[in-house]
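Visitor: Only the shape, not the letters, is given here:
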């Protein structure tokens, strides 16, 4: 098991959450790829997007069925500027690659928001630290694990 995946699994277990991360044979880099590999719809994929909100890292766990309206999200979190982090920033801040960013397992805690649209699914699937790993969680487990705040990231 990859070290990043093992770290994510350890954190989940220590949080008292009964969920097992697993590696898939193919890449789950995009929500569409992950959904196809898991036999689910893209909306059940909890995509991890790293933003800089007024220069501070913000991890947005969003439903794979839509794009983030950055103006809407910025307004909800009280940020004047919200920009996507570069691949270099993602690796430095999360310790994980784009397409494999888990909701946990980062070198330091990251302020996290969770897309309310994920509430519609019995199981949401996030990356687990690598580009071909997934972690099944309920919406409530995702909130508990991340200490995240529920937000609306898109009006559509």
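Guide: Alright, I've got the coordinates. Nothing here was measured: the structure is a model prediction, and the numbers come from that model.
Visitor: Backbone dihedrals for residue 49, both of them.
Guide: Per-residue torsions, residue 49: phi -120, psi 130 (degrees, to the nearest 10).
Visitor: Spit out the contact partners of it.
Guide: If you count contacts by C-beta atoms under 8 Å, 6 or more residues apart in numbering, residue 49 has them with 59-60, 62, 68, 84. Placement of C-beta: from N, CA and C, glycine included.
Visitor: 7 Å instead, please
Guide: Going by C-beta atoms under 7 Å, 6 or more residues apart in numbering, residue 49 touches 60, 62, 68.
Visitor: separation between the nearest residue to residue 25 once chain neighbours are set aside and residue 116?
Guide: In this structure, residue 25 finds its nearest non-sequential neighbour in residue 132, 7.3 Å apart by C-beta to C-beta, 6 or more residues apart in numbering. Counting by C-beta to C-beta, to the nearest Å, the separation of residue 132 from residue 116 is 28 Å.
Visitor: again with residue 10
Guide: Residue 10 is 29 Å from residue 116, by C-beta to C-beta.
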